[in-house]
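K.L.:
Below are the sequence and a predicted model; questions follow.
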Amino acid sequence: MFDLDAELRRLESKIESLTVVCERLRGENQVLKSTLDEWMRERAQLSDKTEMAKSRVEAMISRLKSMGHES
């Protein structure tokens, strides 16, 4: 026959296990979001530095070209 108490205990155990997994995943998700935010900030900083370096190199090239035309 069907043992309702045993079935309820089994379901309760599964729910508790799922709750533990859910909390662990929630924590991992928060860590991943924080890491992603850090990487996005770093990427933006590197992009800014790259653009500054590109501008400086282009300015140097222009100066060199104008010096070549003066000779």
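P.N.:
Here it is on my side, so go on.
K.L.:
show me what contacts the most centrally placed residue in the chain?
P.N.:
For the chain, the residue nearest the mean C-alpha position is L36 (1.5 Å; C-alpha atoms, centre = their mean). L36 makes contact with no residue, according to C-beta atoms under 8 Å, 6 or more residues apart in numbering. From N, CA and C alone the C-beta is placed, and that goes for glycine too.
K.L.:
Tell me the predicted confidence for it.
P.N.:
For L36, the model assigns a pLDDT of 98.
K.L.:
Can you give me the distance of R63 to E70?
P.N.:
11 Å (C-beta to C-beta, to the nearest Å).
K.L.:
So those two - more neighbours on which side?
P.N.:
R63 (10 against 6; other C-beta atoms under 10 Å).
K.L.:
Can you check the pLDDT for the more buried one?
P.N.:
94.
K.L.:
before we move on, what about S71?
P.N.:
62.
K.L.:
repeat for K14
P.N.:
98.
K.L.:
what helix or strand does it sit in?
P.N.:
Taking DSSP states H and E as the criterion, K14 maps to helix 4-70.
K.L.:
Distance from the chain centre to that helix, please.
P.N.:
2 Å (C-alpha atoms, centre = their mean, to the nearest Å).
K.L.:
Low-confidence stretches in the chain?
P.N.:
1, 71 (pLDDT under 70).
K.L.:
let's go with 80 and repeat that
P.N.:
1-2, 69-71 (pLDDT under 80).
K.L.:
Now do E58 against M67, distance only.
P.N.:
Taken as C-beta to C-beta, the span from E58 to M67 is 15 Å.
K.L.:
how about stretch 3-16 as PDB, C-alpha atoms only?
P.N.:
C-alpha atoms of stretch 3-16 as PDB (Å, rounded to 0.1, in the frame of the first residue of the first chain):
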ATOM      1  CA  ASP A   3       2.800   5.100   2.900                       C
ATOM      2  CA  LEU A   4       2.000   8.800   3.000                       C
ATOM      3  CA  ASP A   5       4.300   9.600   5.800                       C
ATOM      4  CA  ALA A   6       7.300   8.000   4.000                       C
ATOM      5  CA  GLU A   7       6.500   9.800   0.800                       C
ATOM      6  CA  LEU A   8       6.200  13.200   2.600                       C
ATOM      7  CA  ARG A   9       9.600  12.600   4.300                       C
ATOM      8  CA  ARG A  10      11.100  11.800   1.000                       C
ATOM      9  CA  LEU A  11       9.700  14.900  -0.600                       C
ATOM     10  CA  GLU A  12      10.800  17.000   2.300                       C
ATOM     11  CA  SER A  13      14.300  15.600   2.000                       C
ATOM     12  CA  LYS A  14      14.300  16.500  -1.700                       C
ATOM     13  CA  ILE A  15      13.100  20.000  -1.100                       C
ATOM     14  CA  GLU A  16      15.800  20.500   1.600                       C
END
